[in-house]
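# Kindly generate the corresponding structure for this input.
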Amino acid sequence: QVQLVESGGGLVQAGGSLRISCAVSRGPFSNYAMGWFRQAPGNEREFVVGISGSGVRTNYADFVKGRFTISRDNAKNTVYLQMNSLKPEDTAVYYCAARFGVIATVAGSYDYWGQGTQVTVPS
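Take a look at the predicted model:
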């Protein structure tokens, strides 16, 4: 059983920064493309960003380009999401997900999910 555990969420003022992490319990971690999704109350889960197993390729949703950065450390089985210039509309539960193969933007394409971490940016 592969487990994903997010950490690092919290409350941050608009314009601030936050880094969230996701540790994966089993590998080989480099076999997994990783994705970050988010879900705000009343909304569907939406794709934020993905990264290939090697870390070479990334795919960002337009609404986070230039503000968020995904990275991974395959030696630590961990993927990170650095979030800068946060806005109130970024408030959501952020989920990491893993899948074998290439980056996907559809939630149903991912095999494993974390429990989520709350990010709150008050208006």
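# Could you use CA atoms for every contact and neighbour count after this?
OK.
# Can you pull up the most central residue in the protein?
The C-alpha lying nearest the average C-alpha coordinate of the chain belongs to residue 36 (CA atoms, centre = their mean; 2.5 Å).
# I'd guessed that one sits against residue 58; true?
No - because the distance of 11.3 Å does not satisfy CA atoms under 8 Å, residue 36 is recorded as not touching residue 58.
# re earlier: tell me the secondary structure of the nearest residue to the residue nearest to the centre of the chain once chain neighbours are set aside, please.
Residue nearest to residue 36 in three dimensions, not counting chain neighbours: residue 96, with 4.5 Å by CA to CA, 6 or more residues apart in numbering. Three-state assignment for residue 96 (DSSP: H, G, I helix; E, B strand; the rest coil): strand.
# show me the contacts for residue 96.
With contact taken as CA atoms under 8 Å, 6 or more residues apart in numbering, residue 96 is in contact with 4, 6, 22, 34-37, 113-114, 116.
# All good on my end, thank you.
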